[in-house]
Structures are given as C-alpha cells and as structure tokens.
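**Student:** heads up, no residue letters with this:
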C-alpha cells in the first residue's frame, strides 16, 4: 500500500466527514449494539449541525486521510476547553480515530495516531489521552502496544445504552516519536 495523504479538514469538508464518520462508526460498532441505539447515536454525533460546531471550534482539529483521492479515515483531536472531559489544559485528547473497514490492519490507524502525537508535541502537551470502549479489544491492544496506560473509566451513552470507556493516556516528550507511559495515577478531574 502506498502512503496515505493526511490533510487538515475545514468546514468545506463537512459532507466528507459526515459520510465517513457515519460509515466508519457503523462499520466498527453496529454489530455490537442495538440498531436503534447505534442509529440514534450516529444521527446525533455525526449530524451536520453537530459536525459544523465541531469543525468550527478553534480548539478542535479534524484530519482526513486519503489514498488515491479516496477518504479512508480521519482523526479528531481536542485541546483546551474542547476536551470531552475536564482534564489538564496542557493535554490533547484523541476523540476519534476511525478508518474504513477495508483498510483495517494496513497501518492507517497508526498513521493517524502519529499525526495526533505530532500535534501534541507541537502544542507542547504533557500527554495525550482518550476514551476507548471496553469491548473494543482491537483498539485497546493498539493503544497498549503504542505505550498508553489505563488510568480510569467513564460512562458513554450510545442511544439509550450506557457503556463504559477505558480512559488511557500517553506521556508526550518533545524529542521522541513514541513516548513512555506516565505513572498510572488518576488526575484531578474537578
């Protein structure tokens, strides 16, 4: 596989992110959730009005990755007040890394993760954090493999189904491409 391209998305990419976000989320999670719950979530989280708010938030960034002019995945990072939970303002959250199912196992997720790490380094973030569904073993293994450690849990609503996400973090250092995990301590989330 040739190396995919990655470009920062703008409001002009709303339709692409709307379609790609819905499709990749359904590919990843539809089989493990009730149809009415997954569709309610997708309609809310990937609706054009919601995505417009996210794309125009100055503390969020979307990146589209493409191969042969076809969008195959995307990354969304948040920092500052855009983070989905109260965390250190010197942290960067990876809210979404989604890849089209046809490209699973082809290092596209790793490619997007490296971009997130570069963003965190450029922002001089102390660490990157994310939430991953406790039943998404494939993603959890990916993050452990890349040095993340679990530090807590939070609830996540898919439709009417209350689920649990594992919160994971990775220390960011200015000189490394992949950082060492930080101590497994809960941060003050107040």
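**Tutor:** Now that the structure is in, tell me what you want to look at. Everything numeric in this text was worked out from a predicted model, so none of it was measured.

**Student:** so residue 62 is in contact with residue 6, correct?
**Tutor:** No - using CB atoms under 8 Å, residue 62 makes no contact with residue 6, being 10.8 Å away. No exception for glycine: its C-beta is placed from N, CA and C like everyone else's.

**Student:** remind me which helix or strand the residue sitting nearest the centre point of the chain belongs to.
**Tutor:** Nearest to the geometric centre of the chain sits residue 96, at 1.9 Å (CA atoms, centre = their mean). Using DSSP states H and E, residue 96 sits within strand 91-99.

**Student:** that strand packs against which elements?
**Tutor:** helix 14-29, strand 70-79, helix 108-122, strand 127-133 (3 or more CB pairs under 8 Å, 6 or more residues apart in numbering; DSSP states H and E).

**Student:** again, 10 Å this time
**Tutor:** helix 14-29, strand 60-67, strand 70-79, helix 108-122, strand 127-133, helix 137-145, strand 161-171 (3 or more CB pairs under 10 Å, 6 or more residues apart in numbering; DSSP states H and E).

**Student:** so for residue 47, which of the ones you listed sits nearest?
**Tutor:** In this view, these are compared for proximity to residue 47 by CB to CB, and helix 14-29 is the closest at 7.7 Å.

**Student:** tell me what the following helix or strand past the closest one is packed against?
**Tutor:** Moving toward the C-terminus from helix 14-29, the first helix or strand encountered (DSSP H and E) is helix 35-45. Contact here means 3+ CB pairs under 10 Å, 6+ apart; on that basis helix 35-45 packs against helix 14-29, helix 48-55, strand 149-158, strand 161-171.

**Student:** next, the buried residues of the third one.
**Tutor:** By neighbour count, and taking 16 or more other CB atoms under 10 Å as the criterion, the buried residues in strand 149-158 are 149-152, 156, 158.

**Student:** can you check the first one too?
**Tutor:** By 16+ other CB under 10 Å, the buried positions in helix 14-29 come out as 14, 17-18, 20-26, 28-29.

**Student:** check stretch 117-131 too.
**Tutor:** Judged by neighbour count using 16+ other CB under 10 Å, the buried positions of stretch 117-131 are 117, 119-121, 123, 125-131.

**Student:** so what's the residue count around the residue lying closest to residue 143 once chain neighbours are set aside?
**Tutor:** Distances taken as CB to CB, 6 or more residues apart in numbering place residue 168 nearest to residue 143, at 5.2 Å, with adjacent residues excluded. When counting by other CB atoms under 10 Å, one arrives at 23 neighbours for residue 168.
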